[in-house]
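J.: Let me see the structure of the following:
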Amino acid sequence: MGIVSTISKRKCRKVFCALWVIWIARNKDVHEKIKTFSYESAFFVQAYLREIDDIDRHSPSQKIMVERWRPPDPDFIKIKFDAAFKNHTKESCSGLIYRNSDGQVLGSRIILNRYIPSPFEAKALACLQAVQMGFNLGFRKVIIGGDAYSIIKKLQIEQDDKYVISRRNRARQKMARKADVEKARCQDSCDEEYWSFTFAHL
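T.: As a prediction, this is how the structure comes out:
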């Protein structure tokens, strides 16, 4: 109670979110023998709070923004991805959060990736992991989104790019094999691209 009364609401939210993540990491360590790195936890806290800020910003009480935010249709699940990249170790951390049309967070996941050569590769891999997550969880209709406008554009171009070609081919193979891509559209803002998927065989 003393902490709550002496710090701002925003800092209080960050403190309690960090405690929640530490508790989850502790349970994984005890029950699943899975170690969670401190920078993974820090990344998740930042990504989760950004997602909450997104919901707050686009809530009906904010009349200026309400028309810009378009929630997914009731039968769709939206998965948002982000990535952090450490250049000196060539590692990245993918953060995935999925929620329904009411904005309710249904779950999240943090994935540590090794041997990642560039920030773009980190983003592209996070995007693929979001697609894989929707498929593995058995969702029929999924919207994949993130601040990765450059990924979508580079995946669509035809010329070879040494930084893009491997991820581009993997993305196309996975999409062709697992999903019918219905549309790609800029839904919330000009720098966030959303792909709409219907997984055909589910």
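
J.: From here on, just use CA atoms for contacts and neighbour counts.
T.: Will do.

J.: Give me the below-cutoff pLDDT ranges for the protein.
T.: Where the chain drops to pLDDT under 70, the residues are 1-7, 54-71, 147-202.

J.: can you give me the helices for it?
T.: Chain-ordered helices for the chain, with DSSP state H as the definition, fall at 2-6, 9-27, 38-57, 119-136, 149-156, 165-178.

J.: Wait, Lys78 touches Phe139, no?
T.: No. In this structure Lys78 lies outside contact range of Phe139 using CA atoms under 8 Å: 10.1 Å.

J.: who's more crowded, the two?
T.: Lys78 (26 against 16; other CA atoms under 10 Å).

J.: That one: what's it in contact with?
T.: For Lys78, the residues meeting the contact criterion (CA atoms under 8 Å, 6 or more residues apart in numbering) are 72, 98-101, 142-145.

J.: Same check on Ser108?
T.: For Ser108, the contact set (CA under 8 Å, 6+ apart) comprises 95-98.

J.: one more time with 6 Å
T.: 96-97 (CA atoms under 6 Å, 6 or more residues apart in numbering).

J.: And for the one 5 residues further on?
T.: Applying CA under 6 Å, 6+ apart, we find Asn113 in contact with 91-93.

J.: Try it again at 8 Å.
T.: 91-94.

J.: That one bridge partners, please.
T.: Ser92 (DSSP bridges).

J.: Lys141 contacts Pro74, doesn't it?
T.: No. Using CA under 8 Å, Lys141 is not in contact with Pro74, being 9.9 Å away.

J.: of all the contacts of Asn113, which comes closest to Lys123?
T.: Nearest to Lys123 among the contacts of Asn113: Ser94, at 7.9 Å, using CA to CA.

J.: The closest residue to that closest one other than its chain neighbours and Cys127, how far apart?
T.: Distances taken as CA to CA, 6 or more residues apart in numbering place Ala83 nearest to Ser94, at 4.5 Å, with adjacent residues excluded. Between Ala83 and Cys127 the distance is 9 Å, computed by CA to CA, to the nearest Å.

J.: try Asn27
T.: Shown here: Asn27 relative to Cys127, a distance of 27 Å by CA to CA.

J.: Could you check which of those two is surrounded by more residues?
T.: When Asn27 and Cys127 are compared on other CA under 10 Å, the one with more neighbours turns out to be Cys127, at 28 against 14.

J.: Enumerate every residue touching that one.
T.: With contact set as CA under 8 Å, 6+ apart, Cys127 has these partners: 81-82, 144, 146.

J.: Pick out the most distant pair among these.
T.: The most widely separated members of the contacts of Cys127 are Asp82 and Ile144, with 11.1 Å between them, by CA to CA.

J.: one step back: Lys141 and Pro74 - which one has more neighbours?
T.: For Lys141 and Pro74, the more surrounded residue by other CA under 10 Å is Lys141, and the numbers stand at 22 against 10.
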